[in-house]
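[1] Sharing a model prediction with you, sequence too.
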Amino acid sequence: MFQKGYKIEYMEKGFKIFQGYGFYERISQMLRKVNSIEERNIIDKTLYHVRKANLDKVVLLPVSAQENRLLREWIDYSPNIFIPFYNPPEKVQKNSDVTEQMEQELQELEYKGLKLMISFRNRHFYDKILQPILEVAQSHNLIVLMHTGWPPPGTKKPVLSYSNPVDMDVYFNSFPKVKFVIAHMGFPFSDVAIALATQYPNIYLDISNLPYMAPIKLKEILLVAKDIIGTHKILFGTDGFVPEMIEIAVDYFNKVDYLTKVEIEQIMGLNAMKLLGL
């Protein structure tokens, strides 16, 4: 979810140290071409760009307990557009029961899935704390989307060291009924992500972040994935720094010439609709 004050100027200031990098120059140029509105309400601004991008539904992915609490405001504001996921307790706390906490908090909204950020907590995907989390996901029929691969540029944590999706292999095997989504197609572990999606019927891949961070690489990854598993397990995603980036991610697929119309429609929504039961 976007926070109040997330503007183009914020991105340029926050990422100033990356001037001269291809991704920075490309994103800055594209953002300046997107017509936007002054931020009166960050949710209004997000919906403005969602409508301009012709998107019908948006999955909200909180990354902390604080964002779990903020989620309700977004859902209440536009329940027909926003679909809530839940960030489970990924830190061990004294006198706390992960299962009990999740069962209680999952009653607050009609969540469709979980967003795992465990690699940002300096924990590998095989960490035992995920066992009760995935047991709850299985009992509630929740999708599990996990951050994998590279973190946002400038992240001051060794996230990449904990973000190889192969570390989740033991749980992929133990929870065959849980549908897992490997975010960012696992990049730079994309070959591993595709191999896992080939091995396990319950694994999907999303392309979030890649349309503007690495568009040339995305083409290569999508063609490899198509060659091996097809396009029915690939999901569209944005994961931008500011709401304007929603349009940039969609526009990437408006210009794709290496996939068929049917394949693009699958990635842009039909696959997600089936996965989410819409």
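    Cool, the structure landed.

[2] So which elements touch the longest helix seen in the chain?
    Criterion DSSP state H: the longest helix present in the chain is helix 215-229. In terms of contacts (3 or more CB pairs under 8 Å, 6 or more residues apart in numbering; DSSP states H and E), helix 215-229 is packed against helix 190-199, helix 210-213. To be clear about C-beta, it is placed using only N, CA and C from the backbone, and glycine gets the same treatment.

[3] what comes into contact with the last one?
    Read it as helix 210-213. For helix 210-213, the external contacting residues (CB atoms under 8 Å, 6 or more residues apart in numbering) are 23, 26-27, 30, 184-185, 187, 217-218, 221, 240, 245, 248-249, 252-253.

[4] Most neighbours among the residues you listed, which one?
    M185 (31 neighbours; other CB atoms under 10 Å).

[5] doesn't V224 make contact with that residue?
    No: assessed by CB atoms under 8 Å, M185 is found out of contact with V224, at 9.7 Å.

[6] circling back to that earlier point, tilt between the longest helix of the chain and helix 190-199?
    Calculated by axes from the mean of the first three to the mean of the last three CA atoms, to 10 degrees, helix 215-229 forms an angle of 30 degrees with helix 190-199.

[7] after helix 215-229, next one along is what?
    strand 234-235 (DSSP states H and E).

[8] Can you show me the strands along the stretch 1-150 of the chain?
    With strands called from DSSP state E, counting those that start in this stretch, the stretch 1-150 of the chain shows them at 58-60, 82-86, 113-116, 143-146.

[9] deepest of those, which one?
    Most buried of the strands of the stretch 1-150 of the chain, by mean neighbour count (mean count of other CB atoms under 10 Å): strand 113-116, with a mean of 26.

[10] which residues touch that strand?
    Contacts for strand 113-116 (CB under 8 Å, 6+ apart): 59, 61-63, 85-88, 90, 130, 133, 137, 142-147, 181.

[11] hmm, back to that, give me the common contacts of M185 and V224.
    I194.

[12] Could you dump the helices and strands packed on helix 215-229 into a markdown table and include distance to L114, mean pLDDT and mean neighbour count?
    Supplementary listing: these in a markdown table, determined by distance: least, CB to CB, whole Å; pLDDT from 0 to 100; neighbours: other CB atoms under 10 Å:
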| stretch | distance to L114 | mean pLDDT | mean neighbour count |
| --- | --- | --- | --- |
| helix 190-199 | 18 | 98 | 20 |
| helix 210-213 | 22 | 95 | 22 |
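
[13] can you tell which of those helices is closest to I8?
    helix 210-213 (13.1 Å; CB to CB).

[14] residue ranges of the helices in the stretch 1-150 of the chain, please?
    8-14, 22-32, 42-52, 65-77, 98-105, 130-139 (DSSP state H, counting those that start in this stretch).

[15] can you list the ones you listed in TSV and add distance to F172 and mean pLDDT?
    As requested, the helices of the stretch 1-150 of the chain are exported to TSV (distance: least, CB to CB, whole Å; pLDDT from 0 to 100):
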stretch	distance to F172	mean pLDDT
helix 8-14	35	72
helix 22-32	30	91
helix 42-52	32	95
helix 65-77	25	94
helix 98-105	20	93
helix 130-139	10	97
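
[16] out of these, which comes closest to Y171?
    Closest among these, using CB to CB: helix 130-139, at 5.8 Å.

[17] which residues are contacting that closest one?
    88-90, 98-99, 102-103, 106, 113-114, 116, 118, 142-144, 171, 174-175, 177-178.

[18] ok, 10 Å please
    The contact list for helix 130-139 (CB atoms under 10 Å, 6 or more residues apart in numbering) reads 86, 88-90, 97-103, 106, 111, 113-114, 116, 118, 123-124, 127, 142-144, 146, 168, 170-172, 174-180.

[19] now swap in stretch 249-262 and tell me
    30, 33-34, 49-50, 52-55, 207-212, 215, 218-220, 222-223, 226, 231, 234, 236-240, 247, 263-268, 270.

[20] Measure how far that stretch is from the centre of its chain, please.
    Taking CA atoms, centre = their mean, to the nearest Å, one finds stretch 249-262 lying 19 Å from the centre of the chain it belongs to.
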